[in-house]
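*Asks:* this one's sequence-less:
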């Protein structure tokens, strides 16, 4: 029997295989990972043929985050980083990793005041009806900044049916009141009429706030007032659409969009950038130029501004070749059944079943919309094994089974996911 060390690939050969990683992490860092993987092969912990793969995994483990394959069927999964960035946005992050002209005029050699102007122009171009735009840290920051600017020391009129609670127990009333305004609740939980708003509007009114209850639905004996009627009351109307849909989409007919709200008469619209828009975490403010400028000039805007990475990724999301963004592709199921069948066949007859499932958009978007699809049904105990892999696989547990839904899994990852499932099944036996 020959020396196993002779079969271990040479360092330079593995580095050539990992050329993309060298460009991303640097040669020294990748070489260190390759040497560590080669040592594992010498110790018999891994096969010699797995050196390149293990080295790539070790590189990722040098950060505190574990890569995850989202097999839950939830497109915008808040606990897994919400929307995945498009390839164009991912590449844009690398292009601005060094020094860039974020606040520098290359023509004059002087400081520029046009920070993020290209992404703001892209937002305006993608949102008919928007005169101006501003980008801040996240959706809550956008709401806080607008409320502070328009209504500090005054009243914010809002329907009781729109006083929502968001993730981790944060409640909209607490968020708004922490910025200085006083809440003026009107109407009832299920029904609010125009007269309720009209009776509340007065000299202390800073603005009228309309919030899309994006993470739940109220059905039955309900009533709400459209933006087109609220605009007639004389106070600024702010609409929080939450999910970040810039224009109406036929796939989501009941999901409000920024352009529709502005067309109906909203003065300002706030939204998140990392939900249906499919970009990085960001809070987006769109609307009338004079109000957006007023918000931009508020002292708190400096504390909430975004960095070059967010600006670059958001611009690439809005202007890239895969725009609107890849998150929309995951809403359709045309390719899911053949991919699921192919994976089941690869795993072997009798190992898994194929079942119908319903995916979700998630992230507080379109709560009443189900996304029909299919999933691999595995024993429930396999879920823990999948989560311990590298990359980790997070599946859905339902009815005593582990369901692996390919809706949010890129097709180029199918072979790797098949390997991880096979390993998890073997370990579970």
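*Replies:* Yep, that arrived. The shown structure was predicted, so the numbers you read here are calculated from the model rather than taken from an experiment. Residues are numbered from 1 along each chain as shown.
*Asks:* got any ranges where the chain has weak pLDDT?
*Replies:* 1-5, 61-63, 167-168, 214-216, 322-326, 328-329, 349 (pLDDT under 70).
*Asks:* domains of it?
*Replies:* Domain ranges of the chain: 7-61, 66-83+325-429, 87-323, per automatic domain parsing.
*Asks:* nearest residue to residue 398 other than its sequence neighbours?
*Replies:* In this structure, residue 398 finds its nearest non-sequential neighbour in residue 357, 8.0 Å apart by Cβ to Cβ, 6 or more residues apart in numbering. (Glycine included, C-beta is placed from N, CA and C.)
*Asks:* try residue 365
*Replies:* Excluding its sequence neighbours, the residue lying closest to residue 365 (Cβ to Cβ, 6+ apart) is residue 243, at 3.8 Å.
*Asks:* show me the contacts for that neighbour.
*Replies:* Applying Cβ atoms under 8 Å, 6 or more residues apart in numbering, we find residue 243 in contact with 76, 212, 214, 255, 271-272, 275-277, 363-366.
*Asks:* same deal with residue 368?
*Replies:* Going by Cβ under 8 Å, 6+ apart, the list of residues near residue 368 reads 217, 254.
*Asks:* buried set for the helix or strand hosting it?
*Replies:* Residue 368 is part of strand 365-379 when elements are defined by DSSP states H and E. If you call a residue buried by 16 or more other Cβ atoms under 10 Å, then strand 365-379 has these buried ones: 365, 366, 369, 371, 373, 374, 375, 376, 377, 378.
*Asks:* quick one: which of those residues is nearest to residue 85?
*Replies:* Nearest to residue 85 out of the buried residues of strand 365-379 is residue 365 (Cβ to Cβ; 17.1 Å).
*Asks:* now do the strands in the stretch 151-300 of the chain.
*Replies:* Per DSSP state E, counting those that start in this stretch, the stretch 151-300 of the chain carries strands over the ranges 155-159, 182-186, 205-211, 237-242, 268-272, 283-287.
*Asks:* deepest in the core, which of those is it.
*Replies:* strand 268-272 (a mean of 29; mean count of other Cβ atoms under 10 Å).
*Asks:* list of residues touching it?
*Replies:* Contacts for strand 268-272 (Cβ under 8 Å, 6+ apart): 130, 138-139, 142-143, 146, 150, 236-246, 258, 261-262, 277, 281-288, 291-292, 295, 363.
*Asks:* ok, and the closest non-adjacent residue to residue 18?
*Replies:* residue 30 is the one closest to residue 18 (Cβ to Cβ, 6+ apart), at 5.6 Å.
*Asks:* do I have it right that that neighbour meets residue 23?
*Replies:* No. Taking Cβ atoms under 8 Å as the definition, residue 30 is not a contact partner of residue 23, at 9.4 Å.
*Asks:* so the two - more neighbours on which side?
*Replies:* residue 30 (24 against 11; other Cβ atoms under 10 Å).
*Asks:* SS state for that one?
*Replies:* Following DSSP: H, G, I helix; E, B strand; the rest coil, we place residue 30 in the helix state.
*Asks:* residue contacts, residue 339?
*Replies:* 406, 411, 414.
*Asks:* residue 260 is in contact with residue 252, correct?
*Replies:* No. Between residue 252 and residue 260 there is no contact under Cβ under 8 Å: 11.7 Å.
*Asks:* and residue 372, how far from residue 186?
*Replies:* From residue 372 over to residue 186 the distance is 39 Å, taken as Cβ to Cβ, to the nearest Å.
*Asks:* and which of the contacts of residue 243 is nearest residue 126?
*Replies:* residue 277 (9.0 Å).
*Asks:* just to revisit the earlier point, let's have the strands of the stretch 151-300 of the chain in TSV, adding distance to residue 218.
*Replies:* Output for the strands of the stretch 151-300 of the chain, formatted as TSV (distance: least, Cβ to Cβ, whole Å):
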stretch	distance to residue 218
strand 155-159	11
strand 182-186	16
strand 205-211	13
strand 237-242	16
strand 268-272	21
strand 283-287	26
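*Asks:* go through these and name the closest to residue 13.
*Replies:* So among the strands of the stretch 151-300 of the chain, strand 268-272 is nearest, using Cβ to Cβ, at 44.9 Å.
*Asks:* what inclination does the host helix or strand of residue 415 have with respect to strand 365-379?
*Replies:* Secondary-structure assignment from DSSP H and E places residue 415 in helix 414-428. Relative orientation of helix 414-428 versus strand 365-379 (axes from the mean of the first three to the mean of the last three Cα atoms, to 10 degrees): 50 degrees.
*Asks:* who's in contact with helix 414-428?
*Replies:* Against helix 414-428 from outside (Cβ under 8 Å, 6+ apart): 69, 71, 339, 342-343, 346-347, 351-352, 376, 378-379, 381-382, 385-386, 389, 391, 393, 404, 406, 409.
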